[in-house]
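[1] Below are the sequence and a predicted model for it; my questions follow.
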Amino acid sequence: KSRFVFIYNAVSSAVRQWVQRGKMQTKKTLSRIIWTYRLFQMRPTSPSQASIVDDVAQGVGLPAILTAETTKLIHRDVATSKRMQSNSVLYWEKSLMIQKKEVERVKSPLYSTGPVDGDISYWKALLFGPAGSPYENRVFLIDMHFPPLYPFKPPKVFFSTKVFHPNVGDRGDIFLRMLSTDYYSPSSTIHKVLTKIHEMLSNPALAY
């Protein structure tokens, strides 16, 4: 609520200044109202919240048509944002479903993985220790959490099983470039990530 009061005051003050300076042109004023919302990184998320635009416009005596147009544009902006968010979620789920099919098709001898209890955003994996390494004949449990912006943001991957390794933290955090925000690529599939972690066990990435 305090953020709405803040944005209300900010927009009201800005519009009053534009009116006092004689800049009452509808298009310019309308554009400035919209961009004030955006600059403050604040957008209404419901018609009731969007009605704040009406209060702002009426408070400074703007034309009724401006009030209607402003509200309409805010509503359209909100609808577009929701649609984009919905599309993002669909893409996220689709990407993970494709990856699920990939690991089922590959049937790698290095690991076994899949979603937990049907939750496509949370996977567990069993990683089998590399032959000829100190981890041979051992099995490691790995947790993978996929954010809503996956595959454009890296998953959170960590060992649940205690493992002593230069690239693994005390809490199981895995230190690999391909899992860091700066170096992560959308092409880094779940199969590639688990294969790389398996390789890391026998060949530590000391230059991380």
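    Perfect, I can see it now.
[2] now this structure, which segments are flagged as low pLDDT?
    1-89, 207-208 (pLDDT under 70).
[3] quick one, helices of it?
    All helices of the chain, identified by DSSP state H, fall at 2-20, 26-39, 47-50, 52-59, 64-106, 190-202.
[4] could you say what helices and strands the lengthiest strand in the chain packs with?
    In the chain, taking DSSP state E as the definition, the longest strand is strand 119-128. For strand 119-128, the packing partners by 3 or more Cβ pairs under 8 Å, 6 or more residues apart in numbering; DSSP states H and E come out as helix 64-106, strand 111-116, strand 139-145, helix 190-202. In this view, the C-beta of every residue, glycine as well, is placed from N, C-alpha and C.
[5] can we see that at 6 Å?
    strand 111-116, strand 139-145 (3 or more Cβ pairs under 6 Å, 6 or more residues apart in numbering; DSSP states H and E).
[6] Keeping just the C-alphas, turn the first one into CSV.
    Just to be clear, that refers to strand 111-116. Output of strand 111-116 as CSV, limited to C-alpha atoms (Å, rounded to 0.1, in the frame of the first residue of the first chain):
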residue,chain,number,x,y,z
TYR,A,111,23.5,-41.1,-13.8
SER,A,112,19.8,-41.6,-13.3
THR,A,113,17.5,-38.6,-13.0
GLY,A,114,14.0,-37.3,-13.2
PRO,A,115,11.4,-35.0,-11.6
VAL,A,116,10.3,-35.6,-8.0
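[7] quick one, that strand and helix 190-202 angle?
    130 degrees (axes from the mean of the first three to the mean of the last three Cα atoms, to 10 degrees).
[8] Could you check the angle strand 111-116 makes with strand 139-145?
    Using the same axes, to 10 degrees: strand 111-116 against strand 139-145 is 40 degrees.
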